[in-house]
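J.: show me the folded form of this:
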Amino acid sequence: MSGIKLGFGLGLMLIAIAEMIGSKSGLGYMIWNAWELLSVEQMYVGLIVIAILGYGISLLLNEIERKLIPWK
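T.: Just a heads-up that it's a prediction; the model follows:
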């Protein structure tokens, strides 16, 4: 379960980075575009959305771990 948790976290970061570099849509692109246009509010909205997604996935994985590994 630790590997799955680390993998999801790393995957979320890499998806956002990939969208910043080579995409024309998505949260990563929105953050990068807002940074280029100096739209700080829009940039922070994108960062907060990614943080909320990460936190939600973390809570979900903790619950799955609690059900699958009750002795931990």
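
J.: now residue 39. Its backbone dihedrals?
T.: phi -100, psi 80 (degrees, to the nearest 10).

J.: which neighbouring elements make contact with the helix or strand harbouring residue 45?
T.: Assigning secondary structure by DSSP states H and E places residue 45 in helix 40-68. If contacts are counted by 3 or more Cβ pairs under 8 Å, 6 or more residues apart in numbering; DSSP states H and E, helix 40-68 sits against helix 2-22, helix 27-36. (Glycine included, C-beta is placed from N, CA and C.)

J.: how far off centre is it?
T.: Between the centre of helix 40-68 and the centre of its chain there are 6 Å (Cα atoms, centre = their mean, to the nearest Å).

J.: pull out the buried residues from it.
T.: Neighbour-count burial for helix 40-68 flags 43, 46, 50, 61 (criterion: 16 or more other Cβ atoms under 10 Å).

J.: circling back: of all the helices and strands packed on helix 40-68, which one comes closest to residue 66?
T.: For the helices and strands packed on helix 40-68, the distance to residue 66 is smallest for helix 2-22, at 12.6 Å, taking Cβ to Cβ.
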